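Engineer: I'd like to go over a predicted model; first the sequence, then the structure.
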Amino acid sequence: MKRAYLLSLIIIVLFTAYSDAASLISVNGFRSTSHKSHTRIVVDLNSTVEFAPHRIANPDRFYFDLKNCMLLKQTNNTLSIGDGIVNKARIAQFDKKTVRVVLDLHLGIQFVRRSVFH
């Protein structure tokens, strides 16, 4: 019998400074926390950002693009998680204004989107 797991995505927005609407949002880093029933991936930003999850098969993974964003160079680009829900998470500058986050999943994982702003 397969267990159903949930993948929670929490976007923590740290308002460190007011930025002009024309400037790019800084992606300061990302991290994960594993629990029995879910994995939490946190992306640290300096402002709010819109995103939508997309699922791809073979291998099973989610990705989402953070629009109007710039990844800081000192950010660790890969998290090896291997908790039975998420194998690993990657983050990279996809194009000049888009940061992409990719979550490599175990099969049969559901996605739950949650946003938290601090």
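Structural biologist: Looks like it came in fine. Numbering: from 1, shown residues only.
Engineer: who touches the most centrally placed residue in the chain in this structure?
Structural biologist: The chain has V101 as the residue nearest its centroid, 4.9 Å off, counting by CA atoms, centre = their mean. Contact partners of V101, counting by CB atoms under 8 Å, 6 or more residues apart in numbering, are 30, 41, 43, 63-64, 66, 89-91. The C-beta positions use only the backbone N, C-alpha and C, and glycine is treated the same way.
Engineer: Buried among these? Make that a PyMOL selection.
Structural biologist: Applying 16 or more other CB atoms under 10 Å to those leaves a buried subset, and the PyMOL line that selects it is:
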select buried, resi 30+41+43+63+64+66+89+91
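Engineer: any idea how far the helix or strand containing the residue nearest to the centre of the chain is from the chain center?
Structural biologist: Under DSSP states H and E, the secondary-structure element containing V101 is strand 98-105. A distance of 6 Å separates the C-alpha centroid of strand 98-105 from that of its chain, computed with CA atoms, centre = their mean, to the nearest Å.
Engineer: cool, and stretch 63-75?
Structural biologist: Stretch 63-75 sits 9 Å away from the centroid of its parent chain (CA atoms, centre = their mean).
Engineer: Repeat that for stretch 61-74.
Structural biologist: For stretch 61-74, the separation from the chain centroid amounts to 8 Å (computed by CA atoms, centre = their mean).
Engineer: Same question for stretch 28-38.
Structural biologist: Here the centre of mass of C-alpha atoms in stretch 28-38, compared against the chain's by CA atoms, centre = their mean, lies 10 Å away.
Engineer: ok, now stretch 69-79?
Structural biologist: Relative to its parent chain, stretch 69-79 has a centroid offset of 11 Å by CA atoms, centre = their mean.
Engineer: So which residues make contact with that stretch?
Structural biologist: Among residues not part of stretch 69-79, those counted as contacts by CB under 8 Å, 6+ apart are 24-32, 41, 45, 49, 88-93, 97-99.
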